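S.K.: Here's my sequence, what's the structure:
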Amino acid sequence: MVQRKPYNPHTKYGRRKLQEQHNKRMAEMPKEERDEINGMTGGCFLLFIVVGGIIVYLLFGGEGLLKWLGGKRPY
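M.R.: Numbers count the residues shown, from 1 in each chain. Model (predicted):
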């Protein structure tokens, strides 16, 4: 098979083709590998939320953290 240059991710066509390739790769993976990838994704998301919360708390205190979490409003 002839090696082609990669799709441009900055175009609608390129994003669609890259998404199709990703979905095909994920569908062909064994369930254990997909679960491992999904677990890592969830862990990274949780880590991002915790680190973001710590940064907001350090910058704006408890009130800012509550506002960031969508809780108590200052008005």
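S.K.: For G52, which non-adjacent residue is closest in space?
M.R.: The shortest distance from G52 to any non-neighbouring residue, by Cβ to Cβ, 6 or more residues apart in numbering, is to W68 (7.8 Å). Yep, even glycine has a C-beta here, placed from its N, CA and C like the rest.
S.K.: which helix is the longest one in the protein?
M.R.: Ranked by residue count, the top helix of the chain under DSSP state H comes out as helix 31-69.
S.K.: give me the low-pLDDT residue ranges for this structure?
M.R.: The chain contains residues with pLDDT under 70 at 1-2, 71-75.
S.K.: Run a quick neighbour tally on the residue nearest to G52.
M.R.: W68 has 15 neighbours, counted by other Cβ atoms under 10 Å.
S.K.: Isn't it up against I54?
M.R.: No: at 11.1 Å, W68 does not count as touching I54 under the criterion of Cβ atoms under 8 Å.
S.K.: got the contact list for stretch 20-28?
M.R.: Stretch 20-28 has contacts (Cβ atoms under 8 Å, 6 or more residues apart in numbering) with R34, I37.
S.K.: For the remainder of this discussion, apply numbering that starts at 745.
M.R.: OK, 745 is where the count begins now, so the last one is stretch 764-772.
S.K.: List the buried residues in stretch 801-811.
M.R.: Residues of stretch 801-811 classed as buried: L809, L810 (neighbour count, 16 or more other Cβ atoms under 10 Å).
S.K.: Tell me how far it lies from the chain's centre.
M.R.: 24 Å (Cα atoms, centre = their mean, to the nearest Å).
S.K.: Distance of the residue nearest to G796 relative to P750?
M.R.: 38 Å (Cβ to Cβ, to the nearest Å).
S.K.: do the same with G797
M.R.: As defined by Cβ to Cβ, G797 lies at a distance of 37 Å from P750.
S.K.: Which one of the two is surrounded by more residues?
M.R.: Taking neighbours as other Cβ under 10 Å, G797 and P750 compare with G797 leading, 13 against 10.
S.K.: quick one: the more buried one and L813 touch, right?
M.R.: Yes: taking contacts as Cβ under 8 Å, G797 lies within contact range of L813: 7.4 Å.
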